[in-house]
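> here is a sequence with its predicted model. Questions after.
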Amino acid sequence: MVTTRTGGAPAPLAVRAAAWHLPEHRVPVGELPEVEGLDAEHRTVLAGLGIDTVAVDRDLGPTGLAERAARSALARAGLAAQDLSALIVVDSRAPETLLSSEATRLQARLGAEQAVTFGVGGLGCVSIGPALLAARGLLAADPDVRHVLVAHASTPATPGRYRHPVTVNGDAGQALLLARTGPARVLDLVQETNGAYWDLFRVDYRDRPWESWQEECRDLPGYSFRLAVETRNRLTALLDRLLKRHGLDRADIAGYASQNLSAGGLRFLAESLGVELLPECRENLARYGHLGPNDVFLNLWTALANGRLAEGDRVVLVNVSPVAAWNLLLVEIGPWESTA
Amino acid sequence: MTDTAIEIREFLTVALRRPVAPDEDYFALGLADSLFALELVVFVEERFDIRIEVDDLDLDSFRTAERIAALVERKRAGLATGGETGAGRAVRG
């Protein structure tokens, strides 16, 4: 388990500004190209996911999506790319080329010459956790580090966007500008992994052309049952631990937000934790589909923009990945007007 | 069929919206999803006052009403957790 305290308060970490690039082109999931080849069972599951449309990028590519989001986040903070002390890119699940670096590619596109730049990943949606841990570590370790940008572009790993029976992937770029202070303070982060599930879902690619890439689940009953119940147990224990060490209980939390996989997935998490999720989770799910590590902060920022949260509110963000990884963030809302 | 198995079968019949035979493998029939799994485990825990731990999560122990009943009896008797196939150990890693 990753813990964030070695005694005393955690090192300060806050989101100073955040931005997303969500492509304007939105496709109803019933019109996705792969739907034509689905059997009746798959179509039924797809129709019940709670996803109406997905945003589809046709021009920018992953780095372009991340770059758009990054430029917006920097502009909102009144900073230039040269002001960045560090740039952390949450890597794509399927990079466009091997051996190359998505992180330094984005660094070059932004002109962030002064930024210590590297990529993190390997945990699916939960990869936002290691990115935040790395950012906090940099801010804690070096007083000269003032601004760290965490960026990610969510795009499908396969030609098809429908991941039976889990979700439908949309396209989106996200950028979080992190500093020691800001309107969303990340008070704490807890994370666990269980490598027994490392290849529960996978895409074989070495012996086939890209058009044939397909996500496969090696153990669907295992996914539906064992991992589900383990997730309930893990998240419950992690939430209890997270709140306890801040002297909080569940009634002290103003809202919970999770990743957006499906309507059933949202119900599952809510029932597992015995909480209600912010309605923005369901709304963004319906509108954009699943955006990987981008979901939880998009949901949080949407709730803030909707006026659902106020200064001083504490929020818990929940990420789960079948690799398997579990990550909970405790966030405290500061003066929100400063980011509007 | 034991009283425990009867109660579990009644739960399964309601949750899956179809009759379930005591030895019917509803996982093999594709009737189970994550939400159902959660509801099933919560029902078993609350109704029979036991706690299902990660080590108990051998799918073979949950495939049928009769197997769940056997797990409940083992847990009530305080026997070691984990299924016969060792899948529970695999989850533990």
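Noted; the coordinates are in hand. Numbering: from 1, shown residues only, chains lettered A, B, ... in the order given.
> list the buried residues in the longest helix seen in chain B.
The longest helix of chain B (DSSP state H) is helix B:34-48. Buried positions in helix B:34-48, judged by neighbour count with 16 or more other CB atoms under 10 Å in any protein chain shown: B:34-38, B:40-41, B:43-44, B:48. (Glycine included, C-beta is placed from N, CA and C.)
> what's the first helix or strand after that helix?
Where DSSP states H and E defines the elements, the next helix or strand beyond helix B:34-48 is helix B:65-76.
> got the buried residues for that next one?
Neighbour-count burial for helix B:65-76 [16+ other CB under 10 Å]: B:65-69, B:71-72, B:74-75.
> low pLDDT regions in chain A?
A:1-7, A:222, A:337-340 (pLDDT under 70).
> re the thing from before, which one of the buried residues of helix B:65-76 is nearest to chain A?
Nearest to chain A, judged by CB to the nearest CB, of the buried residues of helix B:65-76 is residue B:68 at 11.9 Å.
> which residues touch whatever residue of chain B ends up closest to chain A?
Nearest residue of chain B to chain A (CB to the nearest CB) works out as residue B:34 at 3.9 Å. Contact analysis of residue B:34 by CB atoms under 8 Å, 6 or more residues apart in numbering or on different chains lists A:223-225, A:227-228, A:264-265, A:268.
> 10 Å - rerun?
By CB atoms under 10 Å, 6 or more residues apart in numbering or on different chains, the residues touching residue B:34 are A:165-166, A:223-225, A:227-229, A:231-232, A:261-262, A:264-265, A:267-269, A:272.
> and these near chain B, which?
A:165-166, A:223-225, A:227-229, A:231-232, A:261-262, A:264-265, A:267-269, A:272 (CB under 10 Å from any CB of the partner chain).
> for residue 38, give me its contacts.
The chain I'm using is chain A. Counting by CB under 10 Å, 6+ apart, the residues that residue A:38 touches are A:32, A:44-46, A:160, A:162, A:164.
> you answered for a different chain; I wanted chain B.
By CB under 10 Å, 6+ apart, the contact set of residue B:38 is A:224-225, A:228-229, A:231-232, A:267-269, A:271-272.
> now the residues you listed: which count as buried?
Burial by neighbour count, 16+ other CB under 10 Å: within these this picks out A:224-225, A:228-229, A:231-232, A:267-269, A:272.
> closest to residue A:39 out of those residues?
Nearest to residue A:39 among those: residue A:224, at 18.5 Å, using CB to CB.
> the closest one contacts residue B:32, correct?
Yes. Here residue A:224 reaches residue B:32: they are 5.5 Å apart, a contact under CB atoms under 10 Å.
> low-confidence stretches in chain B?
Scanning chain B for pLDDT under 70 picks out the ranges B:79-93.
> what about 80?
Counting by pLDDT under 80, chain B shows low-confidence ranges at B:1, B:29-33, B:54, B:79-93.
> all set now, cheers.
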